[in-house]
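Participant: Whatever this is, show me its structure:
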Amino acid sequence: MAISMTPAAAERVRSFLDNRGKGLGLRLGLRTSGCSGMAYVLEFVDELNDDDELYTIDGVNIIIDAKSFIYLQGIELDFVKEGLNEGFQFNNPNAKGECGCGESFTV
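Facilitator: The predicted structure follows:
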């Protein structure tokens with residue numbers, strides 16, 4: 001499969017969508033940002049664009065646009081809790097390096 005998600009991430013996304021009360025799924029995309037060049041973007045999706053690919057993992061829809069897909073192929077989305085901190089973690093085999101703050105990456 002092109003992308004994967006841990007059970008913890010799937011449950012967290014499902015929870016967000018349930019709390020929102022509507023939505024087709026979650027978009028995983030990229031934007032130009034940070035000191036390394038690219039940053040991950042997560043946003044709710046209510047309808048698909050023409051260039052979107054839809055992946056259903058553990059009952060959760062993940063949407064990726066064609067331009068982002070080439071940099072995200074093989075990615076695993078995880079949700080981790082470490083002490084008081086929690087958040088999504090992106091395990092991207094295409095990333096060649098990350099900035100020191102973890103905000104952006106390069107391919």
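
Participant: what sits opposite the residue nearest the centre of the chain in the beta ladder?
Facilitator: In the chain, the centroid-proximal residue (Cα atoms, centre = their mean) is residue 28; its distance is 3.7 Å. Residue 28 forms beta bridges with residue 42, as assigned by DSSP bridges.

Participant: Roughly how far does it sit from residue 83?
Facilitator: 26 Å (Cβ to Cβ, to the nearest Å). To be clear about C-beta, it is placed using only N, CA and C from the backbone, and glycine gets the same treatment.

Participant: With residue 68 instead?
Facilitator: Separation of residue 68 from residue 83 (Cβ to Cβ) stands at 31 Å.

Participant: If you count surrounding residues, which of the two has more?
Facilitator: Taking other Cβ atoms under 10 Å, residue 68 and residue 83 do not tie; residue 68 has more neighbours (22 against 5).

Participant: then the helix or strand hosting the more buried one to PDB, C-alphas only?
Facilitator: Secondary-structure assignment from DSSP states H and E places residue 68 in helix 66-72. What follows is helix 66-72, C-alpha atoms only, in PDB (Å, rounded to 0.1, in the frame of the first residue of the first chain):
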ATOM      1  CA  ALA A  66      -1.200  14.000  -6.800                       C
ATOM      2  CA  LYS A  67       1.500  16.600  -6.200                       C
ATOM      3  CA  SER A  68       2.100  15.600  -2.600                       C
ATOM      4  CA  PHE A  69       1.800  11.900  -3.300                       C
ATOM      5  CA  ILE A  70       5.300  11.600  -4.900                       C
ATOM      6  CA  TYR A  71       6.800  12.800  -1.700                       C
ATOM      7  CA  LEU A  72       4.500  10.800   0.600                       C
END
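
Participant: now for that helix, which elements pack on it?
Facilitator: Counting contacts by 3 or more Cβ pairs under 8 Å, 6 or more residues apart in numbering; DSSP states H and E, helix 66-72 is packed against strand 25-33, strand 52-57.

Participant: Many thanks, we can stop here.
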